[in-house]
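Q: Got a sequence here, can you model it:
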Amino acid sequence: MLGKPLPSAESPEFECPFQIKGLGDECLRNIYGIDAVQSLQLALTVIPSYLDHLSVSHQVRLIWDGREEGYLGFGPAPEPAGPTDTLGKEISEARQRISNAHIRKDLEGAIAEIEDLLQYDLPGKKGVAFYERGKIKESAGALNEAKQDWLEALEHVTEPSNLKAELESAIGQVWENLGDSNKALSWFSKSLETRVRCAGGGLFTLKAILRVNAGEFPREDVASVVATVERAWTVLEIPGKPVLADLAGSTYALCERLEEIADASMIPPDVGDVIAARRLFHIDPNGNEKEVIIEIGLPRISEEITDQVECVYRISGVVYDRFWTSWGSDPIEAIIFALNGIHRDLEHIRDTVKGELRWVGGRDGDLGFSVAEHD
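A: From the prediction side, this is the model:
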């Protein structure tokens, strides 16, 4: 178990507590650092050493989440012995890297990540790659080319999943934009069916069906619509029960409620409970100094990706004030990915702005985020 770094009562440093349970030695230990981020990083470095020692002394073999033997999630993952693919993991990691490139307006970087995915003969990776490439083409106004990429992606994503539903909905949106309501309705209906089968979302797909079908649901979709509306009504904790005799009205009410929740969650944007922060300084060519603040949020269950934990971090003070999300199989992996992401983002800032970035604990340009790469 890893605790939140806090100012130490015994020194001017920060301390990050951790405890290992199940191997006899359950002593609560503290790791110290110049700031909260360093104490967190050092704890992540020390924990695997303790695990190795305890596993040897107790003559036990430790395995994490069914991964390669000897890999416990605290360093670079070993290369798999053969081709493997878990769709949720591939989607989260690939989308994170591509999304970061998009945010930086690094089109070449995004394309490079996509082309790298296309080299692997793994359905999950190819499905993500064609989907993301289609999004880039869509943003450039090349709707037919985007649609072709998404159709190609569906050749590789055949089982019901959120990605399959997104692809079907995106194709429907293209047809709607091209003025073909019948084809748009067909694809939106497919997306709805997929979302019902994988028990995920579907409200805005319902709204799209109403938009292209004169405010009504096709008779063959009614059962799926009822299932989606009833489930969403409970999840969003709306008082009473949906009016099934007026499915369109209930759908609009649900969408309005969902938009209210989304708006509330974005004003102001929030990383949640900040577990660690670091203050850097940007010195411009004229010698003017400005703070750059990095905040790392408490990992939480992802609402976007099934069976994943997300860790949101924020970088503010120079160039931009932005939020990113890193995903992992558990809270510790999500934090490790966040630290890696911060390292890459700071390198981008260093290459973008004039002047230099400094950290009180670093030398020769070190900003204290050079952690082991996972991807």
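
Q: got the residue ranges for the strands in the chain?
A: 6-7, 14-18, 29-33, 274-283, 289-297, 300-301, 309-318, 320-328, 356-358 (DSSP state E).

Q: Format the CA atom coordinates belonging to stretch 211-223 as PDB.
A: What follows is stretch 211-223, C-alpha atoms only, in PDB (Å, rounded to 0.1, in the frame of the first residue of the first chain):
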ATOM      1  CA  ARG A 211     -32.100  13.500 -34.800                       C
ATOM      2  CA  VAL A 212     -31.900  11.600 -38.100                       C
ATOM      3  CA  ASN A 213     -35.300   9.800 -37.700                       C
ATOM      4  CA  ALA A 214     -37.800  12.700 -37.200                       C
ATOM      5  CA  GLY A 215     -37.700  12.400 -33.400                       C
ATOM      6  CA  GLU A 216     -38.800   8.800 -33.300                       C
ATOM      7  CA  PHE A 217     -37.100   5.400 -32.600                       C
ATOM      8  CA  PRO A 218     -37.400   2.600 -35.200                       C
ATOM      9  CA  ARG A 219     -39.700  -0.200 -34.000                       C
ATOM     10  CA  GLU A 220     -36.800  -2.700 -34.100                       C
ATOM     11  CA  ASP A 221     -34.700  -0.500 -31.700                       C
ATOM     12  CA  VAL A 222     -37.300   0.000 -29.000                       C
ATOM     13  CA  ALA A 223     -36.200  -2.900 -26.800                       C
END
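
Q: got the contact list for that stretch?
A: Stretch 211-223 is contacted by residues 172, 176, 181, 184-185, 188-189, 192-193, 206, 209-210, 225, 247-248 when judged by CB atoms under 8 Å, 6 or more residues apart in numbering. Just so you know, the C-beta spots here come from the backbone N, C-alpha and C atoms, and that holds for glycine as well.

Q: Can you select the buried ones from those residues in PyMOL?
A: Filtering those down to the buried ones (16 or more other CB atoms under 10 Å) takes a single PyMOL command:
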select buried, resi 172+176+184+185+188+189+192+193+206+209+210+225+247+248
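
Q: and the gap between L339 and V309?
A: 14 Å (CB to CB, to the nearest Å).

Q: my guess is L167 meets E132, correct?
A: No: at 11.1 Å, L167 does not count as touching E132 under the criterion of CB atoms under 8 Å.

Q: In terms of neighbours, single out the busier of the two.
A: Set L167 next to E132 and count neighbours by other CB atoms under 10 Å: L167 wins out with 27 against 23.

Q: show me what contacts that one?
A: By CB under 8 Å, 6+ apart, L167 lies in contact with 127, 131, 150, 153-154, 157.

Q: so where is the protein shaky, pLDDT-wise?
A: Filtered on pLDDT under 70, the chain yields the residue ranges 65-71, 75-97, 99-107, 120-124, 196-203, 235, 261-270, 304-306, 319-320, 370-375.

Q: which of the contacts of L167 count as buried?
A: Among these, those buried by neighbour count (16+ other CB under 10 Å) are 127, 131, 150, 153-154, 157.

Q: from these, which single one is nearest G272?
A: Checking these against G272 by CB to CB gives Y131 as the nearest, at 28.0 Å.

Q: And for I31, the neighbour number?
A: Counted with other CB under 10 Å, residues neighbouring I31 total 23.

Q: okay but it is in contact with E13, surely?
A: No: I31 lies out of contact with E13 (CB under 8 Å); the separation is 9.8 Å.

Q: any shared contact partners between these two?
A: Contact criterion CB under 8 Å, 6+ apart; residues shared by I31 and E13: S39.

Q: Okay, and the beta partners of the spatially closest residue to G341 that is not a sequence neighbour?
A: Nearest-residue entry for G341: S326, 5.2 Å, with adjacent residues in sequence omitted and distances by CB to CB, 6 or more residues apart in numbering. Under the criterion DSSP bridges, S326 forms beta bridges with C311.
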